[in-house]
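1. Show me how the following folds:
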Amino acid sequence: MLAPDGSGIEVPEELRPLSWLIGRWVGVGTGHYPTIEDFRFGQEVVFATDGRPFLSYLSRSWLLDDSGERVRPLGTESGFWRPRPGNGIEVTLAHPTGYAETWAGSLEVTGMENAVITGARARLRTDHIVRTPSAKEYSEGDRLYGLVDGKLLWTFDMAAMGQELTNHLAATLNRVVPEESV
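-> Predicted coordinates for the structure are as follows:
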């Protein structure tokens with residue numbers, strides 16, 4: 001099976017259950033938390049493979065104004081997703097705001113048509129969080145990613161700044177179809 005991002009790279013067998021993530025995704029989300037004002041953001045996420053059994057991951061987001069225009073950069077994170085036996089997943093993420101995280105979770109394929117994954121979900125919980133002395137307090141996270149009707153939906157709950165685990169971010173992203181397959 002070739003990666004669905006138009007790269008022509010063969011997806012390793014053990015990575016195929018995560019192949020639904022491969023590609024570039026863009027969309028809009030909302031953010032809120034008891035310690036901040038609600039906001040709207042734009043986001044671009046890229047999952048890619050170089051043929052080895054992991055996905056590279058990059059996410060960038062921007063604060064949006066009421067008309068949907070970019071105001072300023074918000075979060076950036078990068079890392080790697082690794083499939084594990086028994087539908088397990090391990091994820092490492094790094095943030096320029098002074099955090100590094102390891103996540104562990106599971107994958108469930110919920111739909112398949114003509115040998116293509118049409119529905120799936122990945123549930124992740126923080127395993128370890130490391131922060132620099134200047135980073136804000138953050139102690140726990142829970143993420144859910146899902147492929148629903150061809151869209152990538154995700155949500156992030158966190159415990160930080162003295163608050164219990166509560167929803168912080170959610171977004172709906174659309175796959176950007178590679179030009180050569182249009």
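2. Next, residue 162: secondary structure please.
-> At residue 162, secondary structure determined by DSSP: H, G, I helix; E, B strand; the rest coil is coil.
3. burial measure for it, as a count.
-> 9 (other CB atoms under 10 Å). (Glycine included, C-beta is placed from N, CA and C.)
4. In space, what's closest to it - neighbours in sequence excluded?
-> Nearest non-adjacent residue to residue 162, counting by CB to CB, 6 or more residues apart in numbering: residue 137, 7.3 Å away.
5. where's the one you found relative to residue 79, distance?
-> Distance of residue 137 to residue 79, computed by CB to CB, to the nearest Å: 21 Å.
6. of these two, who's got more company?
-> Between residue 137 and residue 79, counted using other CB under 10 Å, residue 79 has the larger neighbour count: 20 against 11.
7. Which residues are in contact with the more buried one?
-> Residues counted as contacts of residue 79 (CB atoms under 8 Å, 6 or more residues apart in numbering) are 56-57, 91-94.
8. That one belongs to a strand, doesn't it?
-> Yes - applying three-state DSSP, one finds residue 79 inside a strand.
9. What pLDDT is listed against the spatially closest residue to it that is not a sequence neighbour?
-> Sequence neighbours aside, residue 93 is the residue nearest to residue 79 in space, at 3.9 Å (criterion: CB to CB, 6+ apart). Looking at residue 93, its pLDDT is 98.
10. ok, residues contacting the helix or strand encompassing residue 93?
-> For residue 93, the host element (DSSP states H and E) is strand 88-95. With contacts defined as CB under 8 Å, 6+ apart, strand 88-95 is touched by 18, 57, 75-84, 99-107, 122, 124.
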